[in-house]
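> need a 3D model of the sequence below.
(4 chains)
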2 protein chains.
Amino acid sequence: MENPRPPATLADVAERAGVSRQTVSNAINNPDLLRPETLVRVQDAIDALGYTPNHAARHLRTRSSRLVGLRLTPAQEFTANMAMDRFVRALVEAAREVGYHVLLFSGGPVAEGDVPDPLGGYDDLLRSTAVDAFVVTDTYLGNPQTVELARRRAPFVAFGRPWDDPDATHPWVDVDGSSGVAAATTHVRGQGHERIAWLGWEPGSRIGEDRRAGWFRAMAAHGLPTAGLEAAVADSVDAGRAAAGVLLDNGATAFVCASDTLAVGALHALGDRGIAPGRDVAVVGFDDSQVAQVMGLTSVRQPLEQVAVELVGALTDLLSAAEHPDAEVLLTPSLEVRRSSTRG
Amino acid sequence: MENPRPPATLADVAERAGVSRQTVSNAINNPDLLRPETLVRVQDAIDALGYTPNHAARHLRTRSSRLVGLRLTPAQEFTANMAMDRFVRALVEAAREVGYHVLLFSGGPVAEGDVPDPLGGYDDLLRSTAVDAFVVTDTYLGNPQTVELARRRAPFVAFGRPWDDPDATHPWVDVDGSSGVAAATTHVRGQGHERIAWLGWEPGSRIGEDRRAGWFRAMAAHGLPTAGLEAAVADSVDAGRAAAGVLLDNGATAFVCASDTLAVGALHALGDRGIAPGRDVAVVGFDDSQVAQVMGLTSVRQPLEQVAVELVGALTDLLSAAEHPDAEVLLTPSLEVRRSSTRG
DNA sequence: ATGAAAGCGCTAACAG
DNA sequence: CTGTTAGCGCTTTCAT
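Residues are numbered from 1 along each chain as shown, chains lettered A, B, ... in the order given. Prediction:
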């Protein structure tokens, strides 16, 4: 029966330490202002009472909740979804290190056939000053939410480039998918492959176009042909499987894919023809999802932990400095090499 | 340039509507107390000003943050990890419907070889009254945190039974893994299999023992032998693959597994011998992870959306009623049948 | 049905 | 270096 009573307050600590409330406040927020001996006395009282400052009162006074909002959209891009869990964990950890917590919210259910409100959920939190800032993740496809948030002067940092808004001035952090795919392409080239195919998404996704560009660039750098080695399909296993079959007919001996899902499709296509992944034909996915890890699929891995740290860094800059930080960080992914792309 | 100024306050609304602050407060919290015409006038002012009550002030006054805390542990059980993303989404959505948000926190990094603090992160949030209650997820393996939280009189609800604490009185919601596995076993029996093997975890996990019990019970109910049809290994693909090989040697024609990871191992074992999953040998996993979905693996699916709703229900009861709700809910999982277990 | 007064716990500004 | 005063925005008495 440790805590039957309500938590201790500043006044309780002050009384016990024989000082004023303000001195206790200073002991916590500006310890340098106190004489060492006083500080010790106050600190002892704090420990004895198990005192922790009341969050609401501090928030009300300082106008800072030390909370960052993150919206979970009901249906995100499948690939993004797979990485979300890892990203959220990384963000929580990075935020913790600077004394912040993460507040999760959702935009609410979207009625069938309805256009989801880009600001759904954001607005209330903003006006109720429940969070200090937002981390925005779904910036794909010309999502208008960053524009809207900027218009409202809402403090936020984005995971993802403002693809469709060259005028954007908010801080953002992104991963260079293009260079990740280029590295993957070079990797399979190093395994001896020359007919390296791109198994990508249908046009319309800037992320997808960026990834494809990495393949195209690397192929050019290696002086390899690309004609007939390219497919653009929906992000599903079946679509990937069918498209990979066609590419195999065109003589492809390696697949670099826009997602792990498509890569799994390619693996299935190999299975259909009794071709051994790795030894005969190389397959590389994107996102290093659990699927890739479990299936031994080589995959491009986003440095989400680092993304989170950079985002939190930009966030603290944004909230402390009055000047605009204007952080624009592009991180390089790594390649997790597994047996689907190696002959060993 | 919508919101250059700080958000409107109750006083702003009152002035604009020509009433006192108190009346505005009533309009929001007790609309019945107002004359309809006054209510309309106040409501108009609220809309015009885009007023939303300040969260901190309300929290300070009412001593309710309308926040539930959820701890993300750095390294959870692999299987649990896979379902976590879905559960978090469901929880955020369920909480939203009763006007709650989810606050994510972590216990902080655990030093190498150190015993992680079961209360890490909880304590500060509790004493700072930052959250109204917690949702505790990792109740496996005699995790002492529920006991500690109960001792501190912290309001919380648990996802997971208090396996090792028969005296526990907190509300909990869990999924009946045993019945899910029994259903899976009966399903493969219906596909004509009789040598149905259990591919499970090493002893020591109550969850694992519970799932195994479902297989054992169903086998007995069908009058089928179990001797030599059981393996207990670590939760990894390689371990599952090796163990499945042995079980195949013992004549197993179906695998019911404690996790999707082990099921993938079993699929690999089939691949090693050129056996077709589904047609020749059935494989069923547990958790309906993305791996299962992508690989066409039949799997037991936990009703996480329903779990979240039940948890939130128990939570509101816990926070509203003074009496102990003592909710104990056991939900039944469903079976997602895919081609790994069907002959069609 | 509406208004006035008080105070939740904290910290910024100033006084000593 | 420490204490006093004031007030953040809201809701809960208690009057009217």
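> residues near residue A:6, how many?
11 (other Cβ atoms under 10 Å in any protein chain shown). Placement of C-beta: from N, CA and C, glycine included.
> also residue A:189?
The tally of other residues near residue A:189 (other Cβ under 10 Å) stands at 18.
> I'd like the next helix or strand past the helix or strand it falls within.
Counting by DSSP states H and E, the element that carries residue A:189 is helix A:177-190. Next helix or strand after helix A:177-190 toward the C-terminus (DSSP H and E): strand A:196-201.
> my guess is residue A:54 meets residue A:8, correct?
No - using Cβ atoms under 8 Å as the test, residue A:54 is too far from residue A:8 to be in contact (9.6 Å).
> just checking, what packs against the helix holding residue A:189?
Helix A:177-190 sits against strand A:196-201, helix A:206-221, strand A:254-257, strand A:282-286, strand A:298-301, strand A:334-336, with contacts defined as 3 or more Cβ pairs under 8 Å, 6 or more residues apart in numbering or on different chains; DSSP states H and E.
> show me the contact partners of the first one.
Translated: strand A:196-201. When contacts are taken as Cβ atoms under 8 Å, 6 or more residues apart in numbering or on different chains, the neighbours of strand A:196-201 outside the stretch itself are A:185, A:188-189, A:208, A:211-212, A:215-216, A:219, A:224, A:226, A:229-235, A:240, A:243-244, A:247, A:250, A:252-259, A:262-263, A:265-266.
> from chain A, which residue is nearest to DNA strand C?
DNA strand C sits closest to residue A:10 of chain A, with a gap of 2.9 Å, by Cβ to the nearest atom of the strand.
> now stretch A:94-106: mean pLDDT?
The predicted model gives stretch A:94-106 an average pLDDT of 96.
> how far out from the middle of the chain is that stretch?
13 Å (Cα atoms, centre = their mean, to the nearest Å).
> run through who's touching that stretch.
If you take Cβ under 8 Å, 6+ apart as the criterion, stretch A:94-106 is touched by A:66-74, A:88, A:91-92, A:121, A:125, A:130-132, A:135, A:305, A:308-309, A:311-312, A:315-316, B:67, B:88-89, B:92-93, B:96, B:101-106, B:108, B:130.
> which of these come close to DNA strand C?
Restricting the contacts of stretch A:94-106 to those adjacent to DNA strand C (criterion: Cβ under 7 Å from any atom of the strand) removes every one of them.
> PyMOL command to pick out the buried ones of those residues?
Buried members of the contacts of stretch A:94-106, identified by 16 or more other Cβ atoms under 10 Å in any protein chain shown, are gathered into one PyMOL selection as follows:
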select buried, (chain A and resi 66+67+68+69+70+71+72+73+88+91+92+121+125+130+131+132+135+308+309+311+312+315+316) or (chain B and resi 67+88+89+92+93+96+101+102+103+104+105+106+130)
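> please name the residues that touch the spatially most central residue of chain A.
A centroid search over chain A (Cα atoms, centre = their mean) returns residue A:87, at 4.6 Å, as the residue closest to the centre. For residue A:87, the residues meeting the contact criterion (Cβ under 8 Å, 6+ apart) are A:137, A:159, A:304, A:307, A:308.
> any chance of the backbone angles for the first one?
Read it as residue A:137. Per-residue torsions, residue A:137: phi -110, psi -30 (degrees, to the nearest 10).
> that one contacts residue A:70, doesn't it?
Yes - the pair formed by residue A:137 and residue A:70 meets the contact definition of Cβ under 8 Å, at 7.1 Å.
> can you tell me the distance between the two ends of stretch A:291-311?
Taking Cα to Cα, to the nearest Å as the measure, stretch A:291-311 stretches 27 Å from start to finish.
> could you tell me how far it lies from the centre of the chain?
Average the C-alpha atoms of stretch A:291-311, do the same for its chain, and the two points are 10 Å apart (Cα atoms, centre = their mean).
> what's the answer for stretch A:278-293, then?
Shown here is stretch A:278-293, whose average C-alpha point lies 21 Å from the average C-alpha point of the whole chain (Cα atoms, centre = their mean).
> and it, end to end?
The separation between the terminal residues of stretch A:278-293, taken as Cα to Cα, is 15 Å.
> that one and chain B, any residue contact?
Yes - counting by Cβ under 8 Å from any Cβ of the partner chain, chain B has neighbours in stretch A:278-293: A:289, A:290, A:291.
> same question, stretch A:311-324
No - applying Cβ under 8 Å from any Cβ, one finds that stretch A:311-324 is not in contact with chain B, the shortest distance being 13.1 Å.
> what about the residue in the stretch 151-300 of chain A that DNA strand D sits nearest to, how many residues close to it?
Closest approach of the stretch 151-300 of chain A to DNA strand D (Cβ to the nearest atom of the strand) occurs at residue A:153, with a separation of 16.4 Å. Applying other Cβ under 10 Å, we find 12 residues neighbouring residue A:153.
> what's the spacing between it and residue A:159?
Distance from residue A:153 to residue A:159, counting by Cβ to Cβ, to the nearest Å: 20 Å.
> do residue A:272 as well
Counting by Cβ to Cβ, the gap from residue A:272 to residue A:159 is 37 Å.
> more neighbours, those two?
Looking at residue A:272 and residue A:159 with other Cβ under 10 Å, you find the greater number of neighbours at residue A:159, namely 23 against 12.
> how about the more buried one, what does it touch?
When the contact criterion is Cβ under 8 Å, 6+ apart, the partners of residue A:159 are A:87, A:135, A:136, A:137, A:139, A:172, A:173, A:174, A:307, A:311.
> quick check: bridge partners of it?
Per DSSP bridges, the residues bridged to residue A:159 are residue A:173.
> tell me the pLDDT at residue A:4?
We have a pLDDT of 49 for residue A:4.
> with distance to residue A:58 as extra columns, can I get the helices and strands packed on helix A:177-190 in TSV?
Formatted as TSV, the entries for these read as follows, by distance: least, Cβ to Cβ, whole Å:
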stretch	distance to residue A:58
strand A:196-201	47
helix A:206-221	40
strand A:254-257	49
strand A:282-286	43
strand A:298-301	39
strand A:334-336	40
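> all helices of the stretch 51-200 of chain A, in order?
For the stretch 51-200 of chain A, helices defined by DSSP state H, counting those that start in this stretch occupy the ranges A:55-62, A:78-97, A:122-127, A:145-151, A:177-190.
> the ones you listed: lowest mean pLDDT?
Per-segment mean pLDDT for these reaches its minimum on helix A:78-97, at a mean of 84.
> check the offset of that helix from the chain's centre.
Distance of helix A:78-97 from its chain centroid, counting by Cα atoms, centre = their mean, is 6 Å.
> circling back to that earlier point, show me which of the contacts of residue A:159 has the smallest pLDDT value.
Checked by pLDDT, the contacts of residue A:159 have residue A:139 as the lowest-scoring entry (71).
> could you chop chain A up by domain?
Under the assignment named as automatic domain parsing, the residue ranges that make up the domains of chain A are A:10-51, A:65-174+A:303-332, A:177-301+A:336-341.
> how about those domains in a markdown table, adding distance to residue B:20?
Formatted as a markdown table, the entries for the domains of chain A read as follows, by distance: least, Cβ to Cβ, whole Å:
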| stretch | distance to residue B:20 |
| --- | --- |
| domain A:10-51 | 30 |
| domain A:65-174+A:303-332 | 22 |
| domain A:177-301+A:336-341 | 53 |
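> burial-wise, tell me which of those comes out on top.
Greatest average neighbour count among the domains of chain A goes to domain A:177-301+A:336-341 (a mean of 21), per mean count of other Cβ atoms under 10 Å in any protein chain shown.
> who in the stretch 51-200 of chain A is up against DNA strand D?
For the stretch 51-200 of chain A, the residues in contact with DNA strand D (Cβ under 7 Å from any atom of the strand) are A:57, A:60, A:61.
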